[in-house]
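K.L.:
Show me how the following folds:
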Amino acid sequence: MSYKTKSEARAAGSLIYFTGKACPKGHCVPRYVSTGACSECVSEARRSRDIKSKRCPKCSSTYTGRRCSCRPKRKRTEVEKATHRTAMKKWREDNPEKYKAYRLSRRAENIISLSKRYAKEANIAPISVTASELREWLSAQPQKCMICRRENIELVIDHDHHTGTLRGMLCRFCNRLVGIIEKHDKLLSAAKDYLQATAKII
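P.N.:
Next up is the predicted model:
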């Protein structure tokens, strides 16, 4: 069961509630009972705080993140953790479509972030789309490898390493195979010649 108002959620002991309306930034996600803040806005604020360096007023040292090491983080009690898990589970069960859209949104953001990091290390072009464009592209892709056609298998995004253009969803084996063929374009024809030549050997 999901709670539409803060008072209902507080009375039931839930840490979150969902009004069904988007926040001023356009996030249609649950809000926290304690502050009424949108959970996605809070996550964005935390990520931005993690980047900026600050000076601790207590020990005068510079730190990044939410708090200085001289101020230990308050740990949630087991009751609070259990209540939060139960509330999140109920929200996922009551709002499967919203949860699917939320996971797709976070997945797109993570993919772009990892693509930029890997592209810098491997000296290749990262994925050249925004998070919203990637979400639309992912939702339209078939849930099977576009080469071997296997289903119910982990898929990864294949993109052009020179231009960053998205090409399709592949399993990890086929994605590695495409990468090898791209780097060694004569390897495929050489492998075919080898198989034809050795097929006659008994």
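
K.L.:
List every C-alpha atom in stretch 61-77, with coordinates, as CSV.
P.N.:
Provided in CSV are the C-alpha atoms of stretch 61-77 (Å, rounded to 0.1, in the frame of the first residue of the first chain):
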residue,chain,number,x,y,z
SER,A,61,40.0,20.5,7.9
THR,A,62,38.9,20.3,4.2
TYR,A,63,36.6,17.5,3.2
THR,A,64,34.2,16.3,0.5
GLY,A,65,31.0,14.5,1.0
ARG,A,66,28.2,15.0,3.5
ARG,A,67,30.3,15.4,6.7
CYS,A,68,33.8,15.5,8.0
SER,A,69,35.4,12.4,9.4
CYS,A,70,35.5,14.1,12.9
ARG,A,71,31.6,13.9,12.9
PRO,A,72,30.6,10.2,12.8
LYS,A,73,27.5,9.4,10.8
ARG,A,74,24.4,8.4,12.8
LYS,A,75,23.4,4.9,12.1
ARG,A,76,19.8,4.0,11.6
THR,A,77,18.3,1.5,14.0
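
K.L.:
Report the mean per-residue pLDDT for it.
P.N.:
Average pLDDT, stretch 61-77: 73.

K.L.:
Ok, stretch 82-98 next?
P.N.:
pLDDT averaged over stretch 82-98 gives 89.

K.L.:
thought residue 4 was touching residue 14?
P.N.:
No: counting by CB atoms under 8 Å, residue 14 is not a contact partner of residue 4; they are 11.4 Å apart. Glycine gets a C-beta too; all of them are placed from N, C-alpha and C.

K.L.:
and residue 116, what element?
P.N.:
In the assignment (DSSP states H and E), residue 116 maps to helix 96-122.

K.L.:
In terms of secondary structure, what does the following helix or strand past that helix contact?
P.N.:
With elements assigned by DSSP H and E, the helix or strand that comes after helix 96-122 is helix 131-139. Packed against helix 131-139 by the contact rule (3 or more CB pairs under 8 Å, 6 or more residues apart in numbering; DSSP states H and E) you find helix 96-122.

K.L.:
which strands and helices sit next to the helix it packs on?
P.N.:
Looks like helix 96-122 contacts helix 131-139 (3+ CB pairs under 8 Å, 6+ apart).

K.L.:
buried residues in the helix holding residue 116?
P.N.:
Going by neighbour count (16 or more other CB atoms under 10 Å), the buried part of helix 96-122 is 98, 102, 105, 108, 111, 112, 115, 119.

K.L.:
Mind jotting down where the strands sit in the protein?
P.N.:
16-17, 31-32, 53-55, 62-64, 155-159, 166-171 (DSSP state E).

K.L.:
Just checking, which helix or strand of the protein averages the lowest pLDDT?
P.N.:
strand 62-64 (a mean of 71; mean pLDDT, DSSP states H and E).

K.L.:
that older thread, what is the orientation angle of the helix holding residue 116 with helix 131-139?
P.N.:
110 degrees (axes from the mean of the first three to the mean of the last three CA atoms, to 10 degrees).
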